[in-house]
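[1] fold the following.
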Amino acid sequence: MAGKDVTNVTGVNSHMYGGLHPKKLFVSGLSKLADEPSVELRRAELERAFRKYGGAQGAIVIVPLNSTYAFVELESERMTDLALTEVKNYRMNRARRSKQDMLQEKKDAEEAAKVTATSESTEWD
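    Residues are numbered from 1 along each chain as shown. Purely as a prediction, here's the structure:
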């Protein structure tokens, strides 16, 4: 469904949460993992595979237990585009924004506005 309009597809809330996430990938088609040690191995495998796209902190990988997918968050939108074209070992596309993503972005923007307002009010003319 990558690149297609999914606004009228049942169960898809992309119109509510702003569409695709600019820095997060949805990796699908993985084998199901039933125990925590296997999940940790998968997380380490994906961290290694996407290391060069994650910047100084590396790729942030979320692997849910008993699932066949994972999420990988990278440094920037540009690095996400590179990973989509260069990494061939996995089936992946951009992840949709979640409600939590939108709330976090809103909170970050509000905090940045407070910092800007505070620095402007303390400056001398």
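[2] helices along the protein, start to end?
    Here the chain has its helices, by DSSP state H, at 14-17, 36-49, 77-86, 99-121.
[3] flag the shaky bits of this protein, pLDDT-wise.
    For the chain, the stretches with pLDDT under 70 are 1-18, 118-125.
[4] and the residue nearest the centre of it?
    Centroid-nearest residue in the chain: Lys24, 2.2 Å away (criterion: Cα atoms, centre = their mean).
[5] ok, that residue touching Glu73?
    Yes - counting by Cβ atoms under 8 Å, Lys24 does reach Glu73; the two are 4.7 Å apart. (C-beta placed from N, C-alpha, C; glycine too.)
[6] one step back: contacting residues around the nearest residue to the residue nearest to the centre of the chain once chain neighbours are set aside?
    In this structure, Lys24 finds its nearest non-sequential neighbour in Ala95, 4.1 Å apart by Cβ to Cβ, 6 or more residues apart in numbering. Under the criterion of Cβ atoms under 8 Å, 6 or more residues apart in numbering, the contact list for Ala95 reads Leu20, His21, Lys24, Leu25, Phe26, Phe71.
[7] count of neighbours near the residue lying closest to Arg94 once chain neighbours are set aside?
    Sequence neighbours aside, Leu20 is the residue nearest to Arg94 in space, at 4.3 Å (criterion: Cβ to Cβ, 6+ apart). Neighbour count for Leu20, taken as other Cβ atoms under 10 Å: 17.
[8] also Arg97?
    Arg97: 19 surrounding residues under other Cβ under 10 Å.
[9] please apply the same query to Val61.
    21.
[10] so how far is Ala109 from it?
    Per Cβ to Cβ, to the nearest Å, Val61 is found 26 Å from Ala109.
[11] next: Arg78.
    Using Cβ to Cβ, we find Arg78 at a distance of 21 Å from Ala109.
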